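Chemist: No sequence on hand, only this structure:
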């Protein structure tokens, strides 16, 4: 099957691009480390497809993460310590998968690319 | 010891922020999967410190990656298939570590944050 990972970023934070990239990488790595190794291996062989999407607010992020959990998918939510550009303990983004792209697409198909 | 990972992005590409975030995450994950598991575990316990830096050109990226390899550090260079916003087979970024932050800082201390 085709594998993918998606990372949902809270758009209203308007994170600077370098900060956003680091947060997305945190989420991506954490979800990979929590995932089944066979799934990660297959996803890696497919070139690690990975898409960054935007959600308006933290509330929206939590809604999608809960739906993904309910569907049995691995999720990783990132809360930034906020030592630098944002307030302490700010939720910034969350990753889903890597897993079956059809399962993931069915949850996030209405979200737009960041 | 303190662990960190750095990801160097080629600044002249002027990647859109979502694209950049996905490329940085590719590099971060690939370097993590190539790294010693004990190092990854320690780095994860420290909150996965991760910094995104910029290099002017591909030539500069390769220079830093080679220096990191020569110092015995794990590196991962990302070449994008270029199906979307950039030309095919474009080198976009590279990750170093996670490893001893002092070793990494000694190589990249002159680079600026993305």
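Modeler: In hand now; what should we look at? These numbers were taken from a predicted model, which means no experiment stands behind them.
Chemist: all helices of chain A, in order?
Modeler: Remark: helices assigned in chain A by DSSP state H are A:17-34, A:37-45, A:58-70, A:101-108.
Chemist: Measure how the first one sits relative to helix B:17-34, angle-wise.
Modeler: Taking axes from the mean of the first three to the mean of the last three C-alpha atoms, to 10 degrees, helix A:17-34 and helix B:17-34 form an angle of 40 degrees between their directions.
Chemist: Help me confirm that residue A:68 comes into contact with residue A:107.
Modeler: Yes. The pair residue A:68 / residue A:107 is scored as a contact, 5.8 Å apart, by C-beta atoms under 8 Å. Quick note: C-beta positions are derived from backbone N, CA and C, even for glycine.
Chemist: For those two, indicate the residue with more neighbours.
Modeler: residue A:68 (23 against 17; other C-beta atoms under 10 Å in any protein chain shown).
Chemist: what's across from the residue nearest to the more buried one when sequence neighbours are not counted in the sheet?
Modeler: Of all residues not flanking residue A:68 in the chain, residue A:96 sits nearest, at 4.5 Å (C-beta to C-beta, 6 or more residues apart in numbering or on different chains). Residue A:96 has these beta-bridge partners by DSSP bridges: residue A:6, residue A:75.
Chemist: how about the residues of chain A near chain B?
Modeler: A:7, A:9, A:17-30, A:32-33, A:40, A:44, A:47-48, A:50-52, A:54, A:81, A:113-114 (C-beta under 8 Å from any C-beta of the partner chain).
Chemist: The residue nearest to residue A:68 touches residue A:4, doesn't it?
Modeler: No. Residue A:96 is beyond contact range of residue A:4, at 9.1 Å (criterion: C-beta under 8 Å).
Chemist: OK, contacts around the residue nearest to the spatial centre of chain A?
Modeler: Central residue of chain A (C-alpha atoms, centre = their mean): residue A:95, 1.9 Å from the mean position. Residues near residue A:95 by C-beta atoms under 8 Å, 6 or more residues apart in numbering or on different chains: A:5-8, A:24, A:27-28, A:30-31, A:75-76.
Chemist: try residue A:99
Modeler: With C-beta under 8 Å, 6+ apart, residue A:99 has these contacts: A:3-5, A:35, A:39, A:73-74.
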